[in-house]
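Engineer: here is my input; please provide its structure:
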Amino acid sequence: MGSTPSKVERVLANISQLSPKERKQLLDRLPDVLPSLPKGERWYWSEAWQKKVRNAHRDLAAGRVKRYRSVDALRRDLGDS
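Structural biologist: Here you go, the predicted model:
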C-alpha cells in the first residue's frame, strides 16, 4: 500500500521542474512565506540548507557519489567497522 505524498513532497516535486532563475525567485520570496509553513518544515527552506541541496545536486550530476550494497560496507569505508 503506497503512502500519500506530504505537502512538502508535492511542493518539492514541483520545484524540481523549475528553471534555476525560477528557483532563485522562489528562494528570494521565502522569507515572506516561511511564517505560513509548518514549523517542522521551515529548516528545509533556509538558505543554508538550500545551499547544501544545490551542492548535493552538483555532486550527483558530476558522479561524485558512492553506492553501497550494505550498511556494513559503508561503515567499513568510513572506518567505523
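
Engineer: middle-most residue in the protein, spatially?
Structural biologist: By Cα atoms, centre = their mean, the chain has its centre lying nearest to residue 53, at 4.8 Å.

Engineer: how far away is that one from residue 40?
Structural biologist: Using Cβ to Cβ, to the nearest Å, one gets 17 Å for the distance from residue 53 to residue 40. For every residue, glycine as well, the C-beta is placed using N, CA and C.

Engineer: least confident secondary structure element in this protein?
Structural biologist: Within the chain, confidence by mean pLDDT, DSSP states H and E is lowest for helix 7-15 among all helices and strands, at a mean of 78.

Engineer: where do the helices sit along the chain?
Structural biologist: With DSSP state H, the ranges of helices along the chain come out as 7-15, 20-33, 47-61, 71-77.

Engineer: neighbours of residue 45, how many?
Structural biologist: 17 (other Cβ atoms under 10 Å).

Engineer: kindly report the same for the one 10 residues further on.
Structural biologist: As a burial measure, the neighbour count of residue 55 was computed by other Cβ under 10 Å and equals 10.

Engineer: what's the pLDDT at it?
Structural biologist: You'll see residue 55 listed with a pLDDT of 92.

Engineer: thinking again about what came up before, list the buried ones in the least confident helix or strand of the chain?
Structural biologist: residue 11 (16 or more other Cβ atoms under 10 Å).

Engineer: can you check what angle separates it from helix 20-33?
Structural biologist: 150 degrees (axes from the mean of the first three to the mean of the last three Cα atoms, to 10 degrees).
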